[in-house]
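# I would like to see how this sequence folds:
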Amino acid sequence: MAQLSGRERAAYVKSMFAHLARTYDRANRWMTWGQDVRWRRQVIDLAHLPAGGRLLDIGTGTGELALEALRRDGSLLAVGGDFTLEMMRIGKARKGGEFVRWLCTDALELPFPAESFDAVASGYLMRNVSDVLQAWREQYRVLKPSGKVVCLDTTPPPKDGWHFPVWIYLRMIIPAIGQIVAGEAKAYRYLPESTQYFMRAEELLESMRMAGFKEVGFRRFMVGTMAIHWGCK
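This is a model prediction of the structure:
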């Protein structure tokens, strides 16, 4: 599943997230022991949004990044873009969801003029796109000069002493959690597969440089299975 490419991959991902929309956030809490909330707060910290600024939360899902930003500054213009309508419907019904500008869009072809946003943020988007470099280029294009990009996603863990326990957790525990919380183990096998076949954190950093970003960096979490990347236009 994680090795699909092009339109076939996009269709699979869209269908999967539509199916998981109602239970996705709850399953994330279980799988990360609640740490994903803290990581998303760090994403917004790193975005350095000015008062009344403009944020694009791309691959928004249920809008958690956009909602976190609006909780801090209600004067922001926060756009939540995703190609899965079912996820955005859940987000729109959440507290504060009426203040997000929801938009059905493809991360590889953003429908915004150049230099539209002060920051572009994403959570668990990049490992799902069929063309990582094109996704970065589109985010770079819609950023204002000196704008920030911040990305939270899974990453293949380093092959150290934690590698085998992490493999057990990804391959066995996460599908079990998916079955218990969402009644769906198959879709939650995609997570470890997509993590395994995704770029290493260092490779993702290099792809950001290739797209034109500067002052790039990353930090790992959860014994190397999660990372936040950031850069500046």
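# Pairing partners for C104 in the sheet, please.
Taking DSSP bridges as the rule, C104 bridges to D82.
# Check it and give its pLDDT.
Per-residue pLDDT puts C104 at 96.
# which secondary structure elements does the strand ranked longest in the chain contact?
Across the chain, the strand with the greatest residue count (assigned by DSSP state E) is strand 143-154. Under the contact criterion of 3 or more C-beta pairs under 8 Å, 6 or more residues apart in numbering; DSSP states H and E, strand 143-154 touches helix 35-47, strand 117-123, helix 132-142, helix 190-197, helix 201-211, strand 226-232. Every residue, glycine included, has its C-beta placed from N, CA and C.
# Buried deepest among those, which one?
Ranked by mean neighbour count under mean count of other C-beta atoms under 10 Å, these are led by strand 117-123, which reaches a mean of 27.
# List of residues touching it?
36, 40, 43-44, 47-50, 53-59, 61, 64-65, 69, 79, 107, 139, 142-144, 147-153 (C-beta atoms under 8 Å, 6 or more residues apart in numbering).
# Let's have the helices and strands packed on strand 143-154 in TSV, adding mean pLDDT.
Below are the helices and strands packed on strand 143-154 laid out as TSV (pLDDT from 0 to 100):
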stretch	mean pLDDT
helix 35-47	95
strand 117-123	98
helix 132-142	98
helix 190-197	76
helix 201-211	97
strand 226-232	97
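# Give me the neighbour count for P50.
Neighbour count of P50, defined by other C-beta atoms under 10 Å: 11.
# That one and S146, how far apart?
As judged by C-beta to C-beta, to the nearest Å, P50 and S146 stand 11 Å apart.
# ok so, going back, can you tell me which of the contacts of strand 117-123 are buried?
36, 40, 43-44, 47, 49, 53-59, 61, 64-65, 69, 79, 107, 139, 142-143, 147-153 (16 or more other C-beta atoms under 10 Å).
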